[in-house]
Structures are given as structure tokens and as C-alpha cells.
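# Sharing a model that was predicted from the sequence below.
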Amino acid sequence: MKSIRSLRFLHNGATIGRLVDYSSWFGRQGNRYHQAHVRSSLLFSARRCQIRGRWERYCSSSSVTAQPPTAKRKEEYICAHGHRIEDPYRWMQRAEDKDVWKYIEEENTYTSSVMKEASELQEQLLDEVENWSNLDAVCGDDFEVVGNYVYYTKSGNDYPVYCRSPLDSDEEIPPEEIVLDVNHLADTFGYQQARVSVLKLSPGATHLAITVETDSADSYVGHIVKVGVQDEPMYLDTIPDIFNIEWVTDDVILYTKAHNLRACQVWRCVIGCTDNTDELLYEENDDRFFVDVSHTKDRKFVTINSNSKTTSEVRVLSSSSPMGEPQLVQARMEGMEYYVEHHDGKFYFLTNHGGATDYKLMCTPADTTLLSDWREVVPARPGGRVVDMDMFHQGCVLAEKRGGVPAITVVPTDKAKDTYSFKLPTWACVIKPGANTTADTSGYRFSLSSPIHPEVEFEFHLPSKQLWKQTTEDSPVVPDHYVMHRLMATSQDGTSVPLTVFHKKNVVLAGKNPLLVYAYGAYGEDVNMNFRPERLVLLERGWVLAFCHVRGGGELGRQWYHNGRLLNKEQSFQDLESCIAHLHGAGYSSPGLTAACGTSAGGMAVAALCNRSPALLAAAVMKVPFVDMLSVMLDRSLPLTAQEFQEWGDPAAHPDVFNYIKSYCPYHNIKPQSYPAMLVTAALDDTRVPYWSPLKYVAKLRGLQQLTSPQSSNNQEQMTTINQTEHSNDMSIRKNLLILQVHEKGGHFGHDSHAVDSEQDAFEYAFLYKALGLSMS
């Protein structure tokens, strides 16, 4: 099955994995709880139509200008707790204002004009990006065995085709059955976009439940598909406005529905029922909480999970009584988190109960779930992060990050004192649990990857304690002339902050290498270190790539996260400053050759760095950055604002929170100083970071730039390409480079198109070359 991608059958179980990701076996998108990536806009369907109409009209304009746009300043203010803060670009938050769309068109036109001189370099970089893209195409395993079938994925016209073949076939080439052709689904229902986000097989493999993202604004439709039909696909049920879905039995499902992007209802549906009366089973009324549904590994129970950023509550529905009432496991207690699995008549809990910040494993008989009956199985081990928990007959497997490095721990369920860990390859930076669809197996499947190493599938054989690497004839080959270094920087309060650095072996540490720094530091999530082939383009060209594991992220456990949230947020910025200074001191680069990149909440960290310490770098790429957080967090009418209070605080209710956010909010702390060159992006369909947040930020920077450096735009347009050794003489010119890209489509997570993503990568890299004054030849 050469060049066929694996069909990953998702096992959420009731595991910690829900903290990280509840999406599907492929195309993981991040979860709706701890990776909300910050915000939502007010772009509902009617308004999006209005937006696109204006977009088409303005983009058809023949006016072309090479001058930086000037946004109107209007006398508006933010008033709270006795403060009256000027907000001259607040009008951009009103989608009905025609000046908003005029300004967007002017910024996009200006960006195209500024980057025109780098068009040849963009083409060259695009060729290089596409040359490496074949590595991504062959990453991952070729199949997934579930029951008596092997499941796999093939490429279709626009979307994948999911197939299966019987394992017991005597034929040389086993017969192939199409389980789901997403191209046919899109044509049948008229979807302009059909990105499968969740795909789950029923317990008896008779039906398939899927959710499909039909636009870029977190809008999903559920479908139930009959499996084993020889002719046309049989679509049994269609469920609009769905978030997630789970099988109870082969003919009963639970699914979640959302209000204002918050999954808050759980419904029960009997497949094929003609009276069309789905039952509301549970509703979450606390707007800080999201609900999700999943099943335990042994499929004995379906769990209904209510989670906020810091608190959880679980109900279970027995698969033997699919029409029964869910039973509460443990009532929510503020600050207590727990996640449920089931094995051999016992519930197992991954929990922070009793002050176990980085979680411990507990269990209790399934017929008594009182907290007083919970017994410790494995104590908490500070400084680590549990990525996932998987239950097998032979033991419980914990996929972890220990000291920021992937690790696996096995807990024998019948003899917990014999708990052990085993070593993983030292090059690994990311661990991703495999499907592991059944508890009755001897092997735990998972994959490892790093920014320079494509995903490799492994299986740990539990009885023999041996690690097996799975290889195929088309396994990707990456040049072996890259190196990785794990470093430690010292932050301003003395805390040691990890960095992971990559470069070619022949790079000389004399401060003359271009450096790109990545940061995130929010929601307890790691900075993205998944393999992305386009990064090899920069490495091959002599760049150094550095990933800063600042507080607020999850690399060193939950306490590391808590130390960078709420009234500790400034520590994220201090860590980032210290990491970059450490890299400069070690000779990896120098300020004039350094760029930083951040997305969403990571973009906020980079923007804060530009306000605080602009001399540390020469360029910044901020993708859909959350830069006007004060305005957003004061507006409870926006979807998801209440859920974010536990991450950032509630500035409307608490004066100390208001003052603290005001002190670091990037938009409200722009000041008269020289800033690094900047590329800022926004998306009209973004339902997490409102399109107007980056717009306001750029408009304010642009206005200040024009006031403090009136000739900067002319100087910038006259800039010629320079040799790397000459770059330090032209810093003042390049620091005034400021461009904004507003994408009509793609949403918060970008385009569902490899070609468009590759073009964007090439554009961003060309910007970096222009901003740093590197040779474009």
C-alpha cells in the first residue's frame, strides 16, 4: 500500500488526551478546551456573506498604491474601573463600517506592492518548499488494523478516500471496499469545503460517524454512514451544528452541540429512528465549561466530560444500558481535574486531587465512585506532563513529556509497584499516541517526530518490553547533516528555561547566522515542534531554528503552565527575552539577524517582546496574533470570553486583573520607538482571534510610525538587497518594514490546501530575507 496514508481510528477514551486534542485520526486541529487559541469573532454566517461581498468589491478596485495606508483615528475610549483609555481604532470592530473593508484592501494592496521586489525569491523558495513536501506525504504508517479489517486512506480528487480490506482474504490482492469517499460526500451535500475532523467506527464496524468542517469558521455537520454497502454510499443521518460524536452501541450515538462556539449540550440519537426526536441528555449551564463525549478503551462506558481550564466533572453511561441515564462519577470541585478510564471492573483516574499538580493515577471499584474510595496507584511526579493515558489488559500506558522530552511509562494494573519507564530515541521531540483501538493487544503504538525528523511509527511490545520501529519501503529520508541541541537559559527570576535548537553541522557559532525563534507559552500547550518539511528550506540555507519552551506552555508540566498564566503572564515574556539573549550570547546569531515567529497566543508573546525589547530582534512574523486582548476580555458578549477568564483573568470584574492585562496588552502598549520589521496576518473567517485585533494593532503601529519616522516608507521602498555581512549598516531602514496580510478564507488554522500553505510559507520566508537584509539571489 505504497503512498497510502494511515486511517487513524481515534481513541479519545476518557483520557488526558481530551486536554490536548479531540479531533480525528488525521488532520488534528487542537481541542476546544485548553487549546482554544484564544478568541472568537462575531462573524456569523450572515455577516460573512456581507464581508465577502465587500471584499470582492474592494479587491476588484483598480487603484494601486505603494504608500503605507493611513487608517482613520476616531475619538473612542475604553472605560473601566475609573480608567479612560484612548482607543482610536475601535471602529474597526464594527463589521458594518465600510471603512473597515477599504482599509483591509489598502493594506493588502500595500503588502503586494512592498513584496513585489521579492517575487523571484518567493518563486525560488516555493520550489524549495515543494521539493521537501514529499517527506510529509510519506510520513506515518500505511494502515490501521481494526477487528478483521485493515483500514487505510488513499488520495482522491480533492479529498481523501477511506478504504478497508479483509485480513482473512486468500486472494493475492485482497478486495478493497470504500468506507467513505469524501469527494462523493462533498458533491452529494454541496459542500464547498469538506474537511473531516472526526471519524469514528461503531463497535461492530457496521457504521461510521463523521463530523465535517464545512467552512473555516468552526462550523461542523455530522453524518452517519452505513459501512459494507456495495453500491452508492448510504448516508443514514445528518446532524447540523455538531461538535463531537461518540458511539454507545451500533445504533445509538451521543453527540455535542454548541452555542456561541461553546459545546454545552449532549444529545442522544437512535440511528434510523423515524420520529426524528433526538433526546437532550445533558446541558452544561456554567459558561466556563465545555462538554465532550468519548468512550473508555474497553467500550464499557461512554463518558460525558465537562471541563474548564482548571476543573472537570465526568458522567458515565453504560453501553449495556444505552437508553439509561448518565451517572455522575464525582461532583466538580473547583480546581480539581480528573479523567476517567475503565478496566476490569475498576475506574482509573488521572487526577490532580490532593495537590498532585502534575497528576497521579488513582482507581476505585466501578460500583463506588465516592472520592473517599479512590486509592493511589502511581504518585504524582513533578516536572512532567501526561500527554495521554491508554488502558490495556496488560497495563496502563502513560505517554508523557519528562523535562520536555518524550517518555513512556507502563503501569501493570495487577502490580502497580512494578511500574517502569523505557527510553525513547534521543532525537524525539514530539510523541503522538497511535490508535490503539482495543485493550486486548500486546503492543502499544505511537509515533515520534521532531522539526528535522519526519514522523516514525513505533510499537512497544508489553510482554517482552521491547521497542519496535516500523519501517516501510518508502520511509522518508532526511539529510543527516542537521544537529539538535537542548539548552537552558536563565530567566530574570533565576528560573531555567529550556530551548531546543536545530542547524546544519557546519554552522559556525560566531553570531553571523540568521536565527528564527518560535514561541507559544499559553494554555499549557507545547510550542509546535511537529515535523514540517518547509522548515528544512531555512536549515539548508544556513538558518538556525530555536524553539523556546517558556512558562505558560506545558513542556515542564502543569506548574510550568500555571507560572505563565493569569497574574504570572509576564514571566512568559521574560523567559522569551532570556532565551533570545542566551542564543546571542552563545554565538548562534545576533540581534540584527534574529527573527521571531508566533501564532495566536504565541503571536501575542512576540508582540509583547517587540514592545518590551525591540533591540533583541530585527523581524517578527505574527500569525493571527491575539494582540488586543484587553478589548476582547472586557467584552463578555463575544463567544468564548467567559471560558478565557481562567487563562487571562476577568478584567471587568477585577481591577487588579484589568491593570495587569493593560500593562502588557500589545495593542495598548505600543510606544514611540524603533520596532522590528513585522509581517502580521489576519483571517476574516477566524472564529478565535477576531480579524479586527491584528487590524487595530497594525493601524496603531502604522500611525505611530508615520508620526515618528515620516520618511520611513520612502526609504523602505528604496531599499536594495544587501550582502549578509553588510546588513548591520541598514538596520534603521528595515525596522520600518510593516505589512499586513488579511486572508479572506482559511480561518484560524489556515487553508485546507497544501498549495496555498506552501505559497504562504514561501511568502513568509521571502519577507524574512527582505526584513533581515539577506541576499535575495
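Perfect, thanks for sending it.
# low pLDDT regions in this protein?
1-65, 136-143, 216-217, 276, 471-477, 707-735, 746-747, 749-753, 777 (pLDDT under 70).
# Going by residue numbers, what spans are strands in the stretch 201-350 of the chain?
Secondary structure of the stretch 201-350 of the chain (DSSP state E, counting those that start in this stretch): strands at 207-213, 220-226, 234-239, 242-249, 252-259, 262-270, 279-283, 290-295, 301-307, 312-318, 327-330, 338-343, 346-351.
# Export only the CA atoms of the first one, formatted as CSV.
Translated: strand 207-213. What follows is strand 207-213, C-alpha atoms only, in CSV (Å, rounded to 0.1, in the frame of the first residue of the first chain):
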residue,chain,number,x,y,z
HIS,A,207,-21.5,2.3,10.8
LEU,A,208,-19.2,5.3,10.5
ALA,A,209,-19.8,8.6,12.3
ILE,A,210,-18.1,11.7,11.0
THR,A,211,-18.0,15.4,11.5
VAL,A,212,-17.2,17.6,8.6
GLU,A,213,-16.0,21.2,8.8
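# That strand: partners in the sheet, and parallel or antiparallel?
With DSSP bridges as the test, strand 207-213 is paired with strand 195-201 (antiparallel), strand 220-226 (antiparallel).
# Tell me the gap between that strand and the middle of its chain.
Computed by CA atoms, centre = their mean, to the nearest Å, the chain-centroid distance of strand 207-213 equals 21 Å.
# Tell me the buried residues in that strand?
Across strand 207-213, burial judged by 16 or more other CB atoms under 10 Å covers 207-213. C-beta here means a position set from N, CA and C on the backbone, and glycine is covered the same way.
# now what about it, what contacts it?
Contacts with strand 207-213, where a contact means CB atoms under 8 Å, 6 or more residues apart in numbering, come from 179-180, 182, 185, 191, 193-202, 219-227, 236, 242-247, 250-251, 253, 271.
# same check, this time on the fifth one
Residues lying outside strand 252-259 but in contact with it, judged by CB under 8 Å, 6+ apart, are 209, 222, 224, 239, 241-248, 263-271, 281, 291-293, 302, 304, 317, 322-323.
# And the contacts of stretch 760-767?
If you take CB under 8 Å, 6+ apart as the criterion, stretch 760-767 is touched by 115, 118, 121-123, 125-126, 129, 534, 537-538, 619, 621, 677, 679, 739, 741, 750-751, 776.
# Cross these against strands and list the overlap.
Residues from the contacts of stretch 760-767 lying in strands, with DSSP state E as the criterion: 619, 621, 677, 679, 739, 741.
# Around the second one, count how many other residues there are.
So that's residue 621. 24 (other CB atoms under 10 Å).
# just the first one next, same as before
Residue 619 is flanked by 27 other residues according to other CB under 10 Å.
# Tell me which residues touch it, please.
594-596, 676-679, 734, 737, 767-768, 771-772.
# closest to residue 413 among these?
Using CB to CB, residue 596 comes nearest to residue 413 of these, at 45.8 Å.
# does the closest one sit in a helix, a strand or a coil?
Secondary structure, DSSP: H, G, I helix; E, B strand; the rest coil: residue 596 is strand.
# what's the distance between it and residue 603?
Note on residue 596: its distance to residue 603, by CB to CB, to the nearest Å, is 10 Å.
# now residue 283
Counting by CB to CB, the gap from residue 283 to residue 603 is 35 Å.
# Tell me which of the two has more neighbours.
Higher neighbour count among residue 283 and residue 603: residue 603, with 30 against 12, using other CB under 10 Å.
# Settle this for me: that one is touching residue 627, isn't it.
Yes - using CB atoms under 8 Å, residue 603 is in contact with residue 627, at 6.8 Å.
# mind listing what residue 118 touches?
Residues in contact with residue 118, defined by CB under 8 Å, 6+ apart, are 766-767, 769-770, 776.
# If you could redo that for residue 122, that was the one I meant.
Residue 122 sits next to 115, 762-763, 766 when contact means CB under 8 Å, 6+ apart.
# re the thing from before, please identify the most buried of the strands paired with strand 207-213.
Of the strands paired with strand 207-213, the one with the most neighbours on average (mean count of other CB atoms under 10 Å) is strand 195-201, at a mean of 23.
# I'd like the distance from it to the chain centre, please.
17 Å.
# Tell me what angle it forms with strand 242-249.
Per axes from the mean of the first three to the mean of the last three CA atoms, to 10 degrees, the angle that strand 195-201 makes with strand 242-249 is 10 degrees.
# the inter-axis angle of strand 195-201 versus strand 252-259?
Going by the same axes, to 10 degrees, strand 195-201 makes 150 degrees with strand 252-259.
# picking that back up, for residue 464, state which of the ones in strands among the contacts of stretch 760-767 is nearest.
residue 621 (47.1 Å).
# list the contacts for the closest one?
By CB under 8 Å, 6+ apart, the contact set of residue 621 is 595-598, 606, 678-679, 764, 767-768.
# All the helices of the stretch 601-750 of the chain, residue numbers only.
Along the stretch 601-750 of the chain, the stretches classed as helices by DSSP state H, counting those that start in this stretch are 601-612, 629-633, 641-648, 655-664, 692-708, 712-717, 731-734.
# can you redo those as JSON lines with distance to residue 95?
Shown next, in JSON lines, are these (distance: least, CB to CB, whole Å):
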{"stretch": "helix 601-612", "distance to residue 95": "22"}
{"stretch": "helix 629-633", "distance to residue 95": "15"}
{"stretch": "helix 641-648", "distance to residue 95": "18"}
{"stretch": "helix 655-664", "distance to residue 95": "24"}
{"stretch": "helix 692-708", "distance to residue 95": "8"}
{"stretch": "helix 712-717", "distance to residue 95": "28"}
{"stretch": "helix 731-734", "distance to residue 95": "34"}
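# these two touch, right, residue 316 and residue 326?
Yes - judged on CB under 8 Å, residue 316 makes contact with residue 326 at a distance of 6.4 Å.
# joint contacts of the two?
By CB under 8 Å, 6+ apart, the residues touching both residue 316 and residue 326 are residue 304.
# the more surrounded of those two?
residue 316 (23 against 19).
# Residue 696 and residue 627, how far apart?
Distance, residue 696 to residue 627, by CB to CB: 8 Å.
# Out of the buried residues of strand 207-213, which is nearest to residue 71?
Closest to residue 71, out of all of the buried residues of strand 207-213 and judged by CB to CB, is residue 213, at 32.6 Å.
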